[in-house]
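> What shape does this take:
(2 chains)
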Number of protein chains: 2
Amino acid sequence: MIELTDSVAKTMKEFEKLPGVGKKSAERIVYHLLKTTPDEAFALADAIRSMKENVRYCKHCFNLSEEEVCDICRDERRDRSILCVVEQPRDLIALEQTGCYRGLYHVLLGRVSPLDGVGSDQLTIDALVKRVKTGDFKELVMATNPTVEGDGTALAITNRLDGAAIKITRLARGVTTGSSLEFANKEMLSDAISGRQQF
Amino acid sequence: MIELTDSVAKTMKEFEKLPGVGKKSAERIVYHLLKTTPDEAFALADAIRSMKENVRYCKHCFNLSEEEVCDICRDERRDRSILCVVEQPRDLIALEQTGCYRGLYHVLLGRVSPLDGVGSDQLTIDALVKRVKTGDFKELVMATNPTVEGDGTALAITNRLDGAAIKITRLARGVTTGSSLEFANKEMLSDAISGRQQF
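Below you'll find the predicted structure:
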């Protein structure tokens, strides 16, 4: 029984380790790479290597950065009295793209999830508590995901900050702008009613 | 408006070029790579690079190979009087996995497909014709895919070999083993009837 050549089989195996890439997709990707010019395939290999060599987490906020301190933490124009807590760098990017928030961030690099074996000690919560207690923040905005785990994480952080003189807020919840009430589920509607705002 | 760091954005772009990988999947893959150990990410980068450096097409049959001549063409035990024509290396592997075929192969590296701009000159048909005319083959098995394009490719090859003293056969077609007649379509059933075999 013949098999693929060693390096083809190895490359497929490496691709299969990626999230969302199964055996068939890995095969398709590898055949694609075999057909492209060497430069195109090398560009991918080099991008992965250089990203892994250069990208680290900002030492203050744990955002992705190619420097010790990220662009946002270095930016003098940001409001240094308000701190927004997010789960992942991609959440930070989503918030930044709205252009509505001008404070600083803290990236947890995950959420508390006992079922997946993620405790609060594996996240950057210790660093956050230290940052809040030694810093000069007036408000902490919880922008963890509106899920059971996201809420649990926010609660764990609030408990840890018990006694700190800081206002803790969370993102508004309710019906989705642009959608229609009939498609909203019970949780969304009850959030929308209990958090109703003056017109 | 903030963006990802340069090397993260570049890696995402490179992943997006792969077949079946969209913007969201590329993002997921890149965040996964950022979280893994450097060794895991480097393993992927190195596998791609080394595959692209080492894998080439066999000079006889155009199968994937890390040597000038592939394992099958080098194998003394293979039947050198019969040649099987397939579209892609993966078709060769599928046939090999049955263990039923012990002859040699010729990989076309594609199929004639005028709509995609693939003419017979872009495949390895010239090499195949030369191989058949100068070689000592008794039978040529067409194992192109049972599609309009696969059949067209087989026909184009047959025309090119007009006059060569070689028996040309193609894979049997009919109902799928293990399936049920009621799910067979008209083409499958008409192939099955016209190609009926003695019981």
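
> count of residues packed around A:Leu34?
Using other CB atoms under 10 Å in any protein chain shown, A:Leu34 has 18 neighbouring residues. C-betas here are computed from N, CA, C, even on glycine.

> check contacts around the closest residue to it other than its chain neighbours.
Counting by CB to CB, 6 or more residues apart in numbering or on different chains, B:Val55 is the residue found nearest to A:Leu34 once chain neighbours are left out, at 6.3 Å. Going by CB atoms under 8 Å, 6 or more residues apart in numbering or on different chains, B:Val55 touches A:Thr5, A:Ser7, A:Val8, A:Leu34, B:Leu64, B:Ser65, B:Glu66.

> So which of the residues you listed belong to strands?
B:Leu64, B:Ser65 (DSSP state E).

> Mind putting the contacts of B:Val55 into JSON lines with distance to A:Arg28 and pLDDT?
JSON lines is the format used below for the contacts of B:Val55 (distance: CB to CB, whole Å; pLDDT from 0 to 100):
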{"residue": "A:Thr5", "distance to A:Arg28": "17", "pLDDT": "81"}
{"residue": "A:Ser7", "distance to A:Arg28": "17", "pLDDT": "90"}
{"residue": "A:Val8", "distance to A:Arg28": "13", "pLDDT": "91"}
{"residue": "A:Leu34", "distance to A:Arg28": "11", "pLDDT": "88"}
{"residue": "B:Leu64", "distance to A:Arg28": "15", "pLDDT": "91"}
{"residue": "B:Ser65", "distance to A:Arg28": "20", "pLDDT": "92"}
{"residue": "B:Glu66", "distance to A:Arg28": "21", "pLDDT": "90"}
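
> Same list, the contacts of B:Val55, but as CSV with distance to B:Gln88 please.
Shown next, in CSV, are the contacts of B:Val55 (distance: CB to CB, whole Å):
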residue, distance to B:Gln88
A:Thr5, 15
A:Ser7, 18
A:Val8, 13
A:Leu34, 10
B:Leu64, 10
B:Ser65, 14
B:Glu66, 18
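
> Next one, pLDDT for the residue nearest to A:Leu34 please.
Looking at B:Val55, its pLDDT stands at 92.

> Phi and psi next, for it.
With angles defined as degrees, to the nearest 10, B:Val55 sits at phi -90, psi 130.

> which of the contacts of B:Val55 are buried?
Buried members of the contacts of B:Val55, scored by 16 or more other CB atoms under 10 Å in any protein chain shown, are A:Thr5, A:Ser7, A:Val8, A:Leu34, B:Leu64, B:Ser65, B:Glu66.

> Now for the fifth one: which residues touch it?
By CB under 8 Å, 6+ apart, B:Leu64 lies in contact with A:Leu4, A:Thr5, A:Val8, A:Leu34, B:Val55, B:Arg56, B:Tyr57, B:Cys58, B:Cys70, B:Pro89.

> pLDDT wise, what is the first one at?
Model confidence at A:Leu4, expressed as pLDDT, equals 71.

> Hmm, it is touching B:Ile93, no?
Yes: A:Leu4 lies in contact with B:Ile93 (CB atoms under 8 Å); the separation is 6.7 Å.

> What strand or helix carries the residue nearest to A:Glu16 when sequence neighbours are not counted?
Excluding the flanking residues, the one nearest A:Glu16 by CB to CB, 6+ apart is A:Ala26, at 4.5 Å. Following DSSP states H and E, one finds A:Ala26 within helix A:23-35.

> In that helix, which of the residues would be classed as buried?
By neighbour count with 16+ other CB under 10 Å, helix A:23-35 contains the buried residues A:Ser25, A:Ala26, A:Glu27, A:Arg28, A:Ile29, A:Val30, A:Tyr31, A:His32, A:Leu33, A:Leu34.

> So what's the residue count around A:Pro89?
A:Pro89: 25 neighbours (other CB under 10 Å).

> Check A:Leu128 too.
Residues lying near A:Leu128 (other CB under 10 Å) number 21.

> my guess is it meets A:Tyr105, correct?
No: applying CB under 8 Å, one finds A:Leu128 not in contact with A:Tyr105, separated by 10.5 Å.

> Need the residues touching each of those two.
By CB under 8 Å, 6+ apart, the residues touching both A:Leu128 and A:Tyr105 are A:Val85.

> how about the nearest residue to A:Gly22 once chain neighbours are set aside, what does it touch?
Excluding the flanking residues, the one nearest A:Gly22 by CB to CB, 6+ apart is A:Glu16, at 6.9 Å. A:Glu16 makes contact with A:Gly22, A:Lys23, A:Ala26 under the criterion CB under 8 Å, 6+ apart.
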